[in-house]
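Trainee: build the 3D model from these lines:
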Amino acid sequence: QLQLVESGGGLVQPGGSLRLSCAASGFTLNYYAMAWFRQAPGKEREGVSCITNTGGSTNYADSVKGRFNISRDNAKNTVYLQMNSLKPEDTAVYYCAVDQYYYCSGRFRSWGQGTQVTVSS
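Mentor: Got it, this is the predicted structure:
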């Protein structure tokens, strides 16, 4: 059974850093692109970043470009999101998702349950 489990969220002060992890089970991650999304209270879900199956190509939302970095370790079946210079507006529940294809198609097979990130002093 395909399963995604996010971890690494928490409370951090503005300017701080967090690294989120998304561990996959029930399938082999290296065939698929992976993405991170976030949803803040009262707002629509927003795409944050995506990485192709080999990690050779990535993309980022303008709001996080230069601050966040997506990476993957296919041997560990895990995708990461390194978040630096965090701002209060980054506060949201962060979700990972597995794409239907090896490239970032925007069509997803499955989603994790999410991890809360709160940026506040």
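Trainee: which SSE is the residue positioned nearest the centre of the chain in?
Mentor: Most central in the chain under Cα atoms, centre = their mean is Trp36, positioned 2.7 Å from the mean C-alpha point. For Trp36, the enclosing helix or strand under DSSP states H and E is strand 34-39.
Trainee: who does Ser110 bridge with?
Mentor: With DSSP bridges applied, Ser110 shows beta-bridge pairing to Val98.
Trainee: pull the contacting residues for it.
Mentor: By Cβ atoms under 8 Å, 6 or more residues apart in numbering, Ser110 lies in contact with 2-4, 97-98. Placement of C-beta: from N, CA and C, glycine included.
Trainee: Ser71 now?
Mentor: Applying Cβ under 8 Å, 6+ apart as the definition, the contact partners of Ser71 turn out to be 51, 55, 79-80, 82.
Trainee: ok, the contacts of Ser110 vs Asp90, which is closest?
Mentor: Ala97 (18.3 Å; Cβ to Cβ).
Trainee: burial measure for the closest one, as a count.
Mentor: 22 (other Cβ atoms under 10 Å).
Trainee: wait, it touches Arg38, no?
Mentor: No - the pair formed by Ala97 and Arg38 falls short of the contact definition of Cβ atoms under 8 Å, at 11.4 Å.
Trainee: rewinding a little: ok, and what's touching the strand holding Trp36?
Mentor: Looking at what lies outside strand 34-39 - Cβ under 8 Å, 6+ apart - the contacts are 20, 22, 45-51, 70, 72, 79, 81, 90, 92-99, 104, 108, 114, 117.
Trainee: sec struct for Ser23, please.
Mentor: Careful, residue 23 is Ala and not Ser. When the structure is reduced to helix, strand and coil (DSSP: H, G, I helix; E, B strand; the rest coil), Ala23 reads as strand.
Trainee: cheers, nothing more for now.
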